[in-house]
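[1] Predicted model and sequence follow; I will ask about them next.
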Amino acid sequence: ANAVFRIAQEALRNVERHSKATRVAVGLTFTRYEAAMSVSDNGVGFDSQVSMTELARAGKFGLLGMMEHSELVGGNLRIESEPGHGATIKLTIRTDV
């Protein structure tokens, strides 16, 4: 649960700092087997097809931190974005392990 909170916190911080969004939506679902969270905005977006090395070089430590938190709990983090089309962060964590 702590990892979900930290990732949501960082995703919302990134929306505030970088996206120039006018809307943000947070979704949470919990089942017996999985916890899922999404954070979507209608901001400026960015090229999400970059490596962790490129993220570090570009100073995008928030995205790296989210990835690390996800990996620590065996989660799957997907970042979907492209310039001019907002961004969505999707996290899934198995809860039946």
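    Okay, I see it.
[2] roughly how far apart are A56 and V4?
    To V4, A56 is 24 Å away according to Cβ to Cβ, to the nearest Å. The C-beta positions use only the backbone N, C-alpha and C, and glycine is treated the same way.
[3] Those two: which is more packed in?
    Higher neighbour count among A56 and V4: V4, with 19 against 13, using other Cβ atoms under 10 Å.
[4] Show the pLDDT at that one.
    What the model reports for V4 is a pLDDT of 91.
[5] cool, V97 as well?
    Reading off the model, V97 has pLDDT 68.
[6] give me the low-pLDDT residue ranges for this structure?
    97 (pLDDT under 70).
[7] For it, which segments count as strands?
    24-30, 34-41, 76-81, 87-94 (DSSP state E).
[8] Now do the buried residues in the first one.
    Put plainly, it is strand 24-30. Across strand 24-30, burial judged by 16 or more other Cβ atoms under 10 Å covers V24.
[9] sorry, back to before: distance to G62 added to the strands of the chain, as TSV?
    Listed next are the strands of the chain as TSV, based on distance: least, Cβ to Cβ, whole Å:
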stretch	distance to G62
strand 24-30	15
strand 34-41	12
strand 76-81	11
strand 87-94	10
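[10] residues in contact with stretch 10-20?
    Applying Cβ atoms under 8 Å, 6 or more residues apart in numbering, the contact partners of stretch 10-20 are 21, 24, 26, 39, 41, 43-46, 62-63, 65-66, 69, 86-87, 89.
[11] between the strands of the chain, which gets nearest to Q9?
    strand 34-41 (9.9 Å; Cβ to Cβ).
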